[in-house]
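>>> here is a sequence with its predicted model. Questions after.
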Amino acid sequence: MQRRSFTASASAIAACAAGLPAAQAAQAQDAREHRATLADIQRWVAGRHKRVLTFLGYSGAEYQDHAAMLAQAAAVLAENDPARTLVNIGATPDGIGSVYALARQLGFETMGIVSTKALEGGGHWSPAVDHVFLVQDSTWGGADANGTLGPTSAAMVAVSDEMVAIGGGAIARDEALAGRRAGKRMRFFPADANHGLARQKALRAGQPVPTTFASALGTVALSAP
């Protein structure tokens, strides 16, 4: 029997704090959520008998050309058999997370790996993600100053058979390059972050308004091996 451990979502915690019965509070938890270690996720994936296709990219930064991103993702999905492939992203619906809806329409089973930091904002998952694995992590992901991946990004790379980055910031860059070093098939398609959102973010933070919006992976497409 597969071992699954569950974490209370922010809504369930709030329900308990409000004095609701335990059973009612439990119902407030999203049943898709699984608090998991890397080993837990690897066991679960092994039990599905499918390869894992991971999409990386912008999340809250969104895309300047969202339709072009979806078209690129659709082309990648068309190369894969839904009966043999799990589509993995970062669980949330923003940016690259909109590929979940496309994948579900095409018949793919979907999963997401995300830091427990996401629970601080209420754990807002894509309606089209089937399984959400929460990895205990004090960061959103990426690598530290020594180049070591944090727990969430390490899990993302470890369970993937193929990694496809469409644009993306520093976390996507760190994961894609780590996947390439690990011998995973990795492809990168350049795409700009949303220009307007980037400017607004800079203004709110009192920072210089950006003039370039390219991915942290650059402006040249990559494919390896």
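Perfect, thanks for sending it. Note that the structure is a prediction, hence the values are computed from the model and not measured.

>>> you'd agree residue 153 is up against residue 172?
No - shown here, residue 153 and residue 172 do not form a contact pair, counting by Cβ atoms under 8 Å, at 9.5 Å. The C-beta positions use only the backbone N, C-alpha and C, and glycine is treated the same way.

>>> between the two, which has more neighbouring residues?
Of the pair residue 153 and residue 172, residue 172 is the one with more neighbours under other Cβ atoms under 10 Å, namely 29 against 26.

>>> once you drop chain neighbours, what's closest to the more buried one?
Counting by Cβ to Cβ, 6 or more residues apart in numbering, residue 56 is the residue found nearest to residue 172 once chain neighbours are left out, at 4.0 Å.

>>> and that neighbour, bridged to which residues?
residue 165 (DSSP bridges).

>>> right, and it touches residue 176 too?
Yes - taking contacts as Cβ under 8 Å, residue 56 lies within contact range of residue 176: 5.7 Å.

>>> shared neighbours of these two, which are they?
The contact sets of residue 56 and residue 176 overlap at 163, 165, 168 (Cβ atoms under 8 Å, 6 or more residues apart in numbering).

>>> so what's the second one up against?
Residues counted as contacts of residue 165 (Cβ under 8 Å, 6+ apart) are 55-57, 172-173, 175-176, 186-189, 215, 217.

>>> so residue 208 sits in a strand?
No - Residue 208 sits outside any strand when classified using DSSP: H, G, I helix; E, B strand; the rest coil, being coil.

>>> and the most centrally placed residue in the chain, how close does it get to residue 216?
Geometric centre of the chain, nearest residue: residue 90, 1.4 Å, by Cα atoms, centre = their mean. The gap separating residue 90 from residue 216 is 16 Å, by Cβ to Cβ, to the nearest Å.

>>> no further queries at this time; thank you.
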